[in-house]
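Peer 1: Sequence unavailable; structure follows:
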């Protein structure tokens, strides 16, 4: 796999590319497919609630602001050859206080019709490289419910290591999704091991 290709568009928005995917910023046309994905019971199994149309509108607006303020966020994923809408992958600043914060997290959410094709791993790998190279992150974390083994598998594939677990402060302690696994990779760890990760797809 080619590690990364970058293009600067005329409006200065960054587009990341992999062999199969384009990672781009949010546009108004993304609201409907995002809403459809985020109201899907299968996709949202490990999230506390489905998103309404209004929730989705607020989320899209938040993403646009996040990109404007920090230069990074959750990129929309498209199939390069067909322009099919896949989901998102990218970075967010962790919004709650925990022993491992402040921190930047890497996350993903894909339409279930595109699961089991390696897209989340492929996109997340490129995002990690971009985060360390472009933004100089010292570490990147990722976390999910202990029940979400599918997402945890992606964390392992892109080189993150499990460093512990915690109970999400925004959920009741007895909520079925409260307990989370916590993974992390530092910039030095990334530099040491990324050469060995290019054949994982």
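Peer 2: Nice, I can see it. Note that the structure is predicted; figures quoted are calculated from it, not measured.
Peer 1: Which pLDDT value goes with residue 5?
Peer 2: Here the pLDDT value assigned to residue 5 is 46.
Peer 1: Tell me where this structure has helices.
Peer 2: Per DSSP state H, the chain carries helices over the ranges 31-38, 53-70, 119-134, 149-157, 187-193.
Peer 1: Same list, these, but as JSON lines with mean neighbour count please.
Peer 2: C-beta: built from backbone N, CA, C; applies to glycine. As requested, the helices of the chain are arranged in JSON lines below (neighbours: other CB atoms under 10 Å):
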{"stretch": "helix 31-38", "mean neighbour count": "18"}
{"stretch": "helix 53-70", "mean neighbour count": "14"}
{"stretch": "helix 119-134", "mean neighbour count": "22"}
{"stretch": "helix 149-157", "mean neighbour count": "17"}
{"stretch": "helix 187-193", "mean neighbour count": "14"}
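Peer 1: Of those helices, which is nearest residue 172?
Peer 2: helix 53-70 (19.8 Å; CB to CB).
Peer 1: Can you tell me how far residue 166 is from residue 126?
Peer 2: Computed as CB to CB, to the nearest Å, the residue 166 to residue 126 distance reads 27 Å.
Peer 1: With residue 84 instead?
Peer 2: Look at residue 84 and residue 126: by CB to CB, they are 18 Å apart.
Peer 1: remind me which residues of the chain are low pLDDT?
Peer 2: For the chain, the stretches with pLDDT under 70 are 1-14, 195-201.
Peer 1: looking at it, which residue lies furthest from center?
Peer 2: Ranked by distance from the centre of the chain (CA atoms, centre = their mean), the top residue is residue 174, with 26.2 Å.
Peer 1: ok, that one to residue 110 distance?
Peer 2: Counting by CB to CB, the gap from residue 174 to residue 110 is 29 Å.
Peer 1: what do you get for residue 23?
Peer 2: With CB to CB as the criterion, residue 23 and residue 110 are 12 Å apart.
Peer 1: list the residues that contact both of these two?
Peer 2: Taking CB atoms under 8 Å, 6 or more residues apart in numbering as the criterion, residue 23 and residue 110 both touch residue 77.
Peer 1: So if I had to pick from these two, which one is more boxed in?
Peer 2: Between residue 23 and residue 110, counted using other CB atoms under 10 Å, residue 23 has the larger neighbour count: 23 against 20.
Peer 1: Bridged to the more buried one, which residues?
Peer 2: Beta bridges link residue 23 to residue 16, residue 77 when assigned by DSSP bridges.
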